[in-house]
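Asker: with the input below, show me the fold.
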Amino acid sequence: MDFDELRDSATILVINGTRLFTQEERHKLDESLKKASIQLFMVEQRGIQNSIFNGIQVILSNELLGLLINGLLMPAAYDGLKQSLVFIIKKIRTGNFRIVTPNEINVPNIVLKVNTSNGEIVASISKVISEEQIEKYIDSMIEAANAVNDDETNTGGYTILEECADGSIEILSLKSYLKKHNKID
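Answerer: Residues are numbered from 1 along each chain as shown. A predicted model of the protein is given here:
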């Protein structure tokens, strides 16, 4: 399967998480997602993007995002998607996998990401989350994708989803996110 086929099918792509899953766990994930007509693809990718994200990316394909936006996933398939994402995130957060740099050893960040025609939507997940919380992230990704796709002036930008103290998800442009965290004036 090439990347064009991957992009054009309902797929979850896990980058740099392959070594975290046993063959049995991967098979279980594959089977669970196949029931929902979703493919799982895992790949190891080293390079500058990996050093920027400093962790593991979980990417929902454009086709899968489209199914979510249009409400075309059957309830059982949607539940299977949520359960699989929760399992992947929990495995990464509680596994023995660490990012080792000269200065420190860390549990890897998990970046849940989708690409739209007008940019990327990124959510950094720093803890184990429940199905209810992943549903909030999915709903926020749908809301952000609709907003980004409706904004013709926003091309190639980043939209950041950030969990608030009350458990809600805030949708921020990259500039707003950087201002909020005092990275720019």
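Asker: name the residue closest to the centre of this protein, please.
Answerer: residue 112 (1.7 Å; CA atoms, centre = their mean).
Asker: I'd assumed residue 58 was in contact with that one.
Answerer: Yes: using CB atoms under 8 Å, residue 112 is in contact with residue 58, at 5.1 Å. In this view, the C-beta of every residue, glycine as well, is placed from N, C-alpha and C.
Asker: overlap in contacts of the two?
Answerer: Shared contacts of residue 112 and residue 58 (CB atoms under 8 Å, 6 or more residues apart in numbering): residue 85.
Asker: which ones are touching residue 116?
Answerer: Per CB under 8 Å, 6+ apart, neighbours of residue 116: 62, 65, 145, 148, 149.
Asker: confirm for me that the second one is in contact with residue 146.
Answerer: No: between residue 65 and residue 146 there is no contact under CB under 8 Å: 10.4 Å.
Asker: more crowded one of these two?
Answerer: residue 65 (20 against 12; other CB atoms under 10 Å).
Asker: secondary structure class for that one?
Answerer: Classification of residue 65 using DSSP: H, G, I helix; E, B strand; the rest coil returns helix.
Asker: in the chain, where is pLDDT below threshold?
Answerer: 1-7, 46-54, 99, 150-156, 185 (pLDDT under 70).
Asker: any chance you could map the helices in it?
Answerer: 3-7, 23-35, 48-53, 62-69, 75-94, 131-150, 174-180 (DSSP state H).
Asker: if we can go back for a sec, quick check: closest non-adjacent residue to the residue nearest to the centre of the chain.
Answerer: residue 123 (4.4 Å; CB to CB, 6 or more residues apart in numbering).
Asker: how many neighbours does the one you found have?
Answerer: Neighbours of residue 123 using other CB under 10 Å come to 24.
Asker: quick check: it touching residue 140?
Answerer: Yes: shown here, residue 123 and residue 140 form a contact pair, counting by CB under 8 Å, at 7.4 Å.
Asker: need the residues touching each of those two.
Answerer: 161, 169.
Asker: circling back: how near is the residue nearest to the centre of the chain to residue 140?
Answerer: 10 Å (CB to CB, to the nearest Å).
Asker: so how far is residue 146 from residue 132?
Answerer: 22 Å.
Asker: if anything else comes up later, I'll come back, but that's it for now.
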